[in-house]
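Engineer: When you get a sec, could you give me coordinates for this:
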Amino acid sequence: MDKIADATNSKIFILDTKECVNEFGASFSRKLSAGGLIIATSGTLGFCIFLGVDGCIHDGWIYTSNYKKNIRPAFLFYVINDFRRHLNNLSYGAAIQNINTNIIRNLSVLAPSEELLDRFYISVEPIHKLILNKILKSKTLKQTRDRLLTPA
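Structural biologist: Below is the predicted model of the structure:
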């Protein structure tokens, strides 16, 4: 992923980017697998999005696929998004707001009980999968439409 605009154009999953990094650029980036959660630490602070594809991130992003105990990206997605105003208050920078990754790592989050988290995941994770499948189907339909409308 090259730009925050690629991520903020989506709401919950990123499946495409306008630009891709070459091998040289990728050598300065962190390569990630689909399914993890990326969190903006520059620009749109605290903006979270799930990776729907493998990709790369660079400065300005942190990544999590699993956290502690029963804390998964699905839970962190909603918690971190709820902290966005707070993160903006902690930011620094004149033109582009930034936060140190330790600020995110040190957020004090009250974790629900294991039972409540399990109930949350049972409810939310299938909805996330359904959203991802609908986005993928929509993408395929758009590509099919574009091929059909393109003169041979």
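
Engineer: Who are the packing partners of the helix ranked longest in the chain?
Structural biologist: Using DSSP state H to define each element, the chain has its longest helix at helix 114-149. The contact analysis (3 or more CB pairs under 8 Å, 6 or more residues apart in numbering; DSSP states H and E) places helix 114-149 against strand 13-14, helix 73-82. For every residue, glycine as well, the C-beta is placed using N, CA and C.

Engineer: Each with direction, which strands does the first one pair with?
Structural biologist: Going back to what we said before, that points to strand 13-14. Strand 13-14 has the following strand partners under DSSP bridges: strand 48-51 (parallel).

Engineer: now the strand it pairs with, how far from the chain's geometric center?
Structural biologist: Computed by CA atoms, centre = their mean, to the nearest Å, the chain-centroid distance of strand 48-51 equals 2 Å.

Engineer: Please enumerate residues in contact with that strand?
Structural biologist: 7, 10-14, 32-40, 73, 76-77, 80-81, 128, 132 (CB atoms under 8 Å, 6 or more residues apart in numbering).

Engineer: among these, which ones are buried?
Structural biologist: For the contacts of strand 48-51, a burial check counting by 16 or more other CB atoms under 10 Å picks out 7, 13-14, 32, 36-40, 73, 76-77, 80, 128, 132.

Engineer: now for the residues you listed, which pair is the farthest apart?
Structural biologist: Spatial extent of the buried ones among the contacts of strand 48-51 (CB to CB) is set by the pair A40 and L132 at 20.3 Å.

Engineer: Show me the shaky parts of this structure.
Structural biologist: For the chain, applying pLDDT under 70 flags the ranges 1-9, 66, 92-96.

Engineer: From the centroid of it, which residue is nearest?
Structural biologist: I49 (2.0 Å; CA atoms, centre = their mean).

Engineer: A34 versus that one, what's the distance?
Structural biologist: As judged by CB to CB, to the nearest Å, I49 and A34 stand 12 Å apart.

Engineer: what do you get for L87?
Structural biologist: 25 Å.

Engineer: Next: R85.
Structural biologist: Taken as CB to CB, the span from R85 to A34 is 29 Å.
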